[in-house]
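S.K.: got a sequence here, can you model it:
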Amino acid sequence: MKIKTIFFSLLVAITAVSALAQSPNKDEATFKSLIKQMTDAQIAYDAAALDKIFTADYIEVSPVGEFDPREKVLGFYSPEAKAAAGKMSAKLDVTDFSIRQYDKFAIVISKFTYLLENEGKPLPPRSMRVMTVFRKEKNGWKIASAQYTGIRPAPPAAK
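M.R.: Purely as a prediction, here's the structure:
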């Protein structure tokens, strides 16, 4: 009888742990939405939109490896910077999400694939992995940090 009780308790514990491990991330849609808002604002050079979704102490490691504090990032997306970009345009596809959430923090790793055009001429697509760190504040989730790491293009096919 005692062995049956222990076995039953162990079975219930294993089932509960398994169910928790398989439960979907409750804020997944929010994280994906904030990444979309961020990328839309970056493409549009909308510093005001970024200002609303970044934490006050936002920091970034840029695609070229520079450490950029919040003010520098927002300055990069100013109207003057948009004018300097000229006739360059971009579309962005975000895929391959890996989401880990820890109470008031979350880390999302995703793949950004940029489709660029310069004066109407398409450039080769460029991809990078982006690690975005989120922090839950009084008014909801905000982006606290991002790190951009380039993905090497595939080598040309052998002829």
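
S.K.: separation between residue 132 and residue 149?
M.R.: Counting by Cβ to Cβ, to the nearest Å, the gap from residue 132 to residue 149 is 12 Å. To be clear about C-beta, it is placed using only N, CA and C from the backbone, and glycine gets the same treatment.

S.K.: of those two, give the one with the bigger neighbour count.
M.R.: Each of residue 132 and residue 149 has its neighbours counted (other Cβ atoms under 10 Å); residue 132 has more, 21 against 12.

S.K.: does that one count as helix, strand or coil?
M.R.: Following DSSP: H, G, I helix; E, B strand; the rest coil, the label given to residue 132 is strand.

S.K.: which residue is nearest the centroid of the chain?
M.R.: Nearest to the geometric centre of the chain sits residue 132, at 4.1 Å (Cα atoms, centre = their mean).

S.K.: that one touches residue 145, doesn't it?
M.R.: Yes. In this structure residue 132 lies within contact range of residue 145 using Cβ atoms under 8 Å: 7.4 Å.

S.K.: give me the below-cutoff pLDDT ranges for the chain.
M.R.: Applying pLDDT under 70 to the chain flags the ranges 1-24.

S.K.: which stretches of it form helices?
M.R.: Ranges of helices within the chain are 2-22, 28-44, 47-53, 70-76, 79-84, based on DSSP state H.

S.K.: now do the second one: which elements does it pack against?
M.R.: Just to be clear, that refers to helix 28-44. helix 47-53, strand 88-102, strand 105-118, strand 126-137, strand 140-150 (3 or more Cβ pairs under 8 Å, 6 or more residues apart in numbering; DSSP states H and E).

S.K.: could I get the ones you listed as CSV with distance to residue 158?
M.R.: Listed next are the helices and strands packed on helix 28-44 as CSV, based on distance: least, Cβ to Cβ, whole Å:
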stretch, distance to residue 158
helix 47-53, 43
strand 88-102, 27
strand 105-118, 24
strand 126-137, 22
strand 140-150, 24
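
S.K.: closest one to residue 59 among the ones you listed?
M.R.: Closest of the helices and strands packed on helix 28-44 to residue 59 is strand 140-150, at 5.2 Å (criterion: Cβ to Cβ).

S.K.: what lies in contact with that closest one?
M.R.: 27, 30-31, 34, 38, 53-55, 57-63, 105-106, 112, 126-135 (Cβ atoms under 8 Å, 6 or more residues apart in numbering).

S.K.: nice, that's everything, thank you.
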